[in-house]
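**Q** structure, please.
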Amino acid sequence: MLFAPALLLIAGCGGIVTAHPSNDAFSITPGTAAVDTNCTGCNAVNAQGRAVQQFTATLTGGGAAEVLWTVTGGDRIGGAGSMTADGLYTPPSYLTADRVQVLVTAALASDPTLTATAVLNITPGFLQPLTPENAALGANGSVTLSGILAEAGGNTGIEFALSRTANGGSESAGSGIGALSATNCQHSTQAFTTCSVTYTAPASVPATAAAYVVATVESFASAPAARIAAPVLLNTAGVSSNPASHQVQFPTTVLLGSSGGNNGDYDLKGNHVLDCCGGTLGSLIQDSTGRNYLLGNNHVLARSDHANVGDAIVQPGLIDNNCSPLGTGSGLTPVATLTGWLPLSAKSTNADAAIALVTSRAIDTAGNILELGSRQTDGTLAAAPPGVSSTGGKGEAPALALRVAKSGRTSGLTCGAVTALDLDVTVDYYEDCAETRPYLTKTFTHQMGLSGNAFSDAGDSGSLVVDATNAEPVGLFFAGGLDSAGVSQGVANPATEVLNELGAQAGGGLSYSFVGTADHPVSCLSYGDSTIAGAQEHSLSAAENARLQQAMGEARGLVNPSAGILGIAAGKSGDRPGEAAILVYVDGNLNPAIPATIDGIRTLPIATNAYAVAFGQAPHSPLHSAALPSLSSFALNQAIAVKQQTAHDLMRRNPAFFAVGVGQSLDNPREAALVVYVDRKRVPASLPATVQGLRTRYIFMDRLHVTRSYATPVQSTLHCMPHPAQSQPDRFDPLHMLRPLGFQFED
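**A** Predicted structure coming up:
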């Protein structure tokens, strides 16, 4: 094993390394910086969208300096991290100390004796989100949450606090949102630091709302504060739900909505397993001959076209069994054998789907899905099959604003809404779990967009999306992420289309239908939707305020109480966060027509009355998104026609647009909108407020892809295939970590 130079080892243990960021020939920036192992505080992203620290070298006379970059020091085991030739620095995946220092050296290419140095202070960050990532409780209910730091050894801990928002400060005792126990942290040189806390709901829950357990890493003053939060849905129905129950091995018959995947879904380096993937065993389908199959995603069951017919499908997924495949230990149940999939590489396919023939008696033949049933006496939700009586098991067509539910491996049972229809979306696929080998980017058409706070997360891929009112299948969840407001945005293949494509692929007149029971309601666990609230929290730039004030003069000319336009005010757009809007107060009984923009500024009609406007009592913000009125079929169909004419050209001309569909305007909910998903790392300078007269709504988020890493893979974290690695108990050895250093979840 390589060790860092002695000088820097001393520095990593508490000494000080001094930066010398400039000389007579060139300088480098930043000279000093502080980041954690998650790269919290980093200033750039790499080609894969991961956070990195960008260093630059500039000649004294101006212009870029051609230099050779090196990094030294860092952690005695985790290393110093890595640096590309372009100056992109990635910190080590884990530490064995509370803080280490990395010396970044730039040597002038034309004269390597001329050097400049910078110093990075590295602290441990979170290894993964809190476990569980979300939960639901009634009065006096409790749940234990755990966080894992990327640190083995050392004394760093996690600070837990309660808040009413994911990013808010701590609440005082007796604030009505519950209480936290003392924090318990386990430190070891042979395992990552784990800290846990127990949250207890208040004795009375007057209304259903979310409380947040916010975790921050204790760090040095110069280091950025890594922060993650888990929402707890305090509900008046007294429902108790913990997604951890979806991640365990079932002792007998396996229930769906649980963790699972392909037994070969892991990455190797030589004979060592580096990391692994997994997703959700979503639902049961039956062919016209009576055979039962497990339905899931291609990228979960068939490893994005890289699996083999006959592969074992296991429960739970490898991510919940320390990346140990069948044959290397216990903890897994083989439940099905891979039968077929819709090839992602084929232009003719339009769904991310695969099927596996069910092993006899391994999966509940009734198709029961975890938590899809009614509340039981202990507050938990019973398992239940989806509803099939209305459609004969063929699935229900999605509708805009339809309340939907899904039961997934990571976030359990959650409810959200269909917020985009006829969605064209490009999704990135990789050959490996670590996403280092791109496979292809596929464009799907006529998909559905889903959203809601905590609706979905990585690991929920394969979940069956159902109508919350009757449990009828609506879609197959396959990709998602968080937008700039922290709202979960997901994409699902329409259920009917999945069945149709599978039947066409099988040929011979074979058809498929969902296995289920009579239609029944789902006990919806909805964490709300902060899309509108998030948009209203955006501050307006000075330039945007200047544009608004200029447009207000023209807008005043619209005021005409006899025509139903009662007044105007300055506001903020919900369709374009960070952009101004003109609030137009209208008589709710007259509903006058309002232009989509005034002098380039979006309009936001708000129904009220003349008294409220005259006495300053009119609302200053729009409705909450859950209270939006229904959109007429005429408006929806017109919008779909515009979308079909423009989407392909929009996405072709601007690669930042990775999905375009039709939804509801948040500025004027009585109008449809072209919903455009924008890569937040490549936001264009100009985003039109309308396209062919149709309002536009923009969702800013990372590009959609179907795997996500919670830790960068490091050398040989788990197992040696086929021979076990020799133990080395006299020092820290990643082979003997109690949890994997690197693993992936599939969305």
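**Q** just the pLDDT at R164, thanks.
**A** Model confidence at R164, given as pLDDT, is 89.
**Q** that one: what's it in contact with?
**A** Contact analysis of R164 by CB atoms under 8 Å, 6 or more residues apart in numbering lists 171, 177, 209-212. Bear in mind the C-beta positions are built from the backbone N, C-alpha and C, glycine included.
**Q** export those to CSV and append columns for neighbour count and distance to A506.
**A** Formatted as CSV, these follow (neighbours: other CB atoms under 10 Å; distance: CB to CB, whole Å):
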residue, neighbour count, distance to A506
E171, 18, 56
I177, 19, 52
A209, 17, 47
A210, 22, 44
A211, 23, 48
Y212, 21, 46
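**Q** and which of those is nearest V17?
**A** Lowest distance from V17 to these (CB to CB) belongs to Y212, with 38.1 Å.
**Q** picking that back up, so which of the contacts of R164 comes closest to G486?
**A** Proximity to G486 was ranked across the contacts of R164 by CB to CB; first place goes to Y212, at 10.7 Å.
**Q** ok, back up a step: pipe the contacts of R164 into a markdown table and attach secondary structure and distance to R703 per row.
**A** Formatted as a markdown table, these follow (DSSP: H, G, I helix; E, B strand; the rest coil; distance: CB to CB, whole Å):
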| residue | secondary structure | distance to R703 |
| --- | --- | --- |
| E171 | coil | 36 |
| I177 | coil | 35 |
| A209 | strand | 32 |
| A210 | strand | 28 |
| A211 | strand | 32 |
| Y212 | strand | 27 |
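**Q** which helices and strands does the longest strand along the chain pack with?
**A** Taking DSSP state E as the criterion, the chain has its longest strand at strand 412-430. Under the contact definition 3 or more CB pairs under 8 Å, 6 or more residues apart in numbering; DSSP states H and E, strand 412-430 sits against strand 403-408, strand 438-452, strand 473-482, strand 488-494, helix 633-653, strand 657-664, strand 672-679.
**Q** can I get these in TSV including mean neighbour count?
**A** Formatted as TSV, those follow (neighbours: other CB atoms under 10 Å):
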stretch	mean neighbour count
strand 403-408	28
strand 438-452	20
strand 473-482	26
strand 488-494	26
helix 633-653	16
strand 657-664	26
strand 672-679	26
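**Q** adding mean pLDDT and distance to W341, write those out as TSV.
**A** Listed next are the helices and strands packed on strand 412-430 as TSV, based on pLDDT from 0 to 100; distance: least, CB to CB, whole Å:
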stretch	mean pLDDT	distance to W341
strand 403-408	98	20
strand 438-452	96	13
strand 473-482	96	12
strand 488-494	97	13
helix 633-653	95	26
strand 657-664	97	23
strand 672-679	97	26
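**Q** closest one to V100 among the ones you listed?
**A** Per CB to CB, nearest to V100 of the helices and strands packed on strand 412-430: strand 473-482, 29.9 Å.
**Q** what residues are up against V515?
**A** If a contact means CB under 8 Å, 6+ apart, then V515 has 283-286, 292, 365-367, 385, 388, 393 as its contacts.
**Q** out of the residues you listed, which are inside strands?
**A** Taking DSSP E as the definition of strands, the contacts of V515 contribute 283-286, 292.
**Q** quick check: buried residues in stretch 331-343?
**A** Within stretch 331-343, the residues scored as buried using 16 or more other CB atoms under 10 Å are 332-333, 335-336, 338-342.
**Q** picking up where we left off before, which among the contacts of V515 count as buried?
**A** Among the contacts of V515, the ones that count as buried by 16+ other CB under 10 Å are 283-286, 292, 366-367, 385, 388, 393.
**Q** in stretch 253-272, what counts as buried?
**A** Judged by neighbour count (16+ other CB under 10 Å), stretch 253-272 contains these buried residues: 254-267, 272.
**Q** low-confidence ranges in the chain?
**A** The chain contains residues with pLDDT under 70 at 1-16, 48, 168-175, 219-222, 623-627, 707-747.
**Q** ok, which stretches of it are helices?
**A** Remark: helices assigned in the chain by DSSP state H are 6-12, 298-301, 495-506, 531-537, 542-555, 610-614, 633-653.
**Q** list the contacts of the fourth one.
**A** Residues outside helix 531-537 that contact it (CB under 8 Å, 6+ apart): 451, 483-487, 572-574, 577-578, 621-625, 666.
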